[in-house]
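Chemist: please find the sequence and the predicted model below.
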Amino acid sequence: VKKIIIDCDPGHDDAIAILLAGADPRVDLIGITTVAGNAEVDKTTVNALKVCEIAGLMDTPVAKGASLPLVRKRETAADIHGDSGMDGPLLPMPTKAIADEHAVDFIIRELLASDGDITLVPTGPLTNIAMAMRKEPAIIPKIREIVLMGGGTLGNWTPAAEFNIFVDAEAAKVVFESGVPLTMFGLDLTHKAQATPEIQERIKRINHSVSDFVVELLQFFMQTYKEVFGFEGAPIHDACCVAYCIDPSIFTYRKLHVDIETKGEYSYGMTVIDMLGVTGKEPNVNVALDLDQDKFWELMIETLTKYSKA
Ligand code: BDR
Ligand code: CA
């Protein structure tokens with residue numbers, strides 16, 4: 001069983017990532033930490049609590065993290081996720097309490113106390129992870145792996161930059177240069193994980209409060225992806241990271257060198273991926289390139305079905 005901490009900014013696809021982790025026995029979700037990203041951190045934290053409540057994850061701690069990027073001004077993604085960061089489903093205000101500890105301290109404490117068996121799964125800007133590495137560098141060799149959603153050879157926030165990396169590229173630079181084993185799910189991969197209307201139909205047929213919640217998330221998310229990018233389905237980016245933790249054989253990868261651009265005029269926040277090895281630098285990232293559609297969606301449906309039988 002793989003121990004994971006999801007560091008997230010829910011976020012429609014972050015919510016689905018949490019649900020996937022919450023029901024698959026191959027991962028142990030030891031905590032959720034939140035960060036500003038799709039919306040301000042107060043909102044992403046409430047959203048994380050709501051997801052926990054609907055999923056019955058009452059014992060999973062939710063620790064609130066950074067409200068601003070390390071250096072830059074805050075940016076949010078209301079055009080994609082709505083003002084709340086998770087518009088669409090109408091859920092009651094959560095009764096579950098926020099953990100009594102900052103996300104950065106939660107991450108540090110858990111890692112220091114571990115045997116080096118915790119995987120970090122950041123699905124938002126990398127602010128908390130970078131802050132934890134700076135506050136307590138002794139955690140760095142304790143991290144088993146970082147499995148993150150971010151970057152790619154194309155951008156969705158600028159032509160060069162993906163949202164999570166763009167929002168806090170300085171934090172991304174700290175993480176990518178940390179020496180920790182990294183697996184990256186960038187847009188090239190996550191755009192292949194599109195929940196189409198057919199997939200939505202399959203989820204609908206599960207016919208349970210959790211699957212209904214997912215359908216409502218996907219309906220909103222599909223609509224904004226259609227309006228903003230002209231897509232026919234909603235890419236559930238962040239869920240890919242959790243799917244990898246559960247079954248890495250769903251994806252194919254290449255080990256490549258990746259640098260983070262923090263100075264470019266047009267390219268701030270770009271993940272500069274050395275596809276042809278022109279830098280001669282050692283690969284620092286396991287870059288996910290392709291996915292097995294059948295296996296991926298089978299896992300999603302199977303896991304969501306578990307909630308209806310719990
Ligand atoms: C990433 O940005 C957010 O909008 C999504 O939750 C995902 O983590 C995609 O660029
Ligand atoms: Ca996210």
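Modeler: Everything's here; your move. Ligands and ions are numbered 1, 2, ... in the order given.
Chemist: counting by contacts, list what the longest helix along the chain packs against.
Modeler: Longest helix of the chain, by residue count under DSSP state H: helix 209-229. Counting contacts by 3 or more C-beta pairs under 8 Å, 6 or more residues apart in numbering; DSSP states H and E, helix 209-229 is packed against helix 12-23, helix 41-55, helix 78-81, strand 194-195, helix 197-204, strand 234-235, helix 293-309. Every residue, glycine included, has its C-beta placed from N, CA and C.
Chemist: any chance of those in TSV, with mean neighbour count and distance to ligand 1 too?
Modeler: Listed next are these as TSV, based on neighbours: other C-beta atoms under 10 Å; distance: least, C-beta to the nearest ligand atom, whole Å:
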stretch	mean neighbour count	distance to ligand 1
helix 12-23	28	5
helix 41-55	24	10
helix 78-81	18	5
strand 194-195	21	13
helix 197-204	15	18
strand 234-235	24	8
helix 293-309	16	16
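Chemist: between these, which gets nearest to L187?
Modeler: Nearest of the helices and strands packed on helix 209-229 to L187, taken as C-beta to C-beta: strand 234-235 at 8.0 Å.
Chemist: mind listing residues that contact the helix or strand just after the closest one?
Modeler: For strand 234-235, the succeeding helix or strand toward the C-terminus, using DSSP states H and E, is helix 239-246. Applying C-beta atoms under 8 Å, 6 or more residues apart in numbering, the external contacts of helix 239-246 come out as 2, 4, 6, 13, 16-17, 20-21, 24, 26-27, 119, 121, 123, 147-149, 183, 185, 189-190, 193, 250-251, 288, 291, 296, 299-300.
Chemist: are any of the residues you listed buried, and if so which?
Modeler: If you count burial by 16 or more other C-beta atoms under 10 Å, the buried members of the contacts of helix 239-246 come out as 2, 4, 6, 13, 16-17, 20-21, 24, 27, 119, 121, 123, 147-149, 183, 185, 189-190, 193, 250-251, 288, 291, 296, 299-300.
Chemist: so how far is E201 from the closest residue to ligand 2 within the stretch 201-310 of the chain?
Modeler: Closest to ligand 2 within the stretch 201-310 of the chain is D238: 4.8 Å, counting by C-beta to the ion. Distance, D238 to E201, using C-beta to C-beta, to the nearest Å: 22 Å.
Chemist: cool, and H12?
Modeler: For H12, the distance to E201 - C-beta to C-beta - is 18 Å.
Chemist: and for V71?
Modeler: 44 Å.
Chemist: try G186
Modeler: With C-beta to C-beta as the criterion, G186 and E201 are 28 Å apart.
Chemist: who's in contact with the closest residue to ligand 1 within the stretch 151-300 of the chain?
Modeler: For the stretch 151-300 of the chain and ligand 1, the shortest gap (C-beta to the nearest ligand atom) falls at F163, measuring 3.9 Å. Taking C-beta under 8 Å, 6+ apart, we find F163 in contact with G37, A77, N156, W157.
Chemist: many thanks, have a good one.
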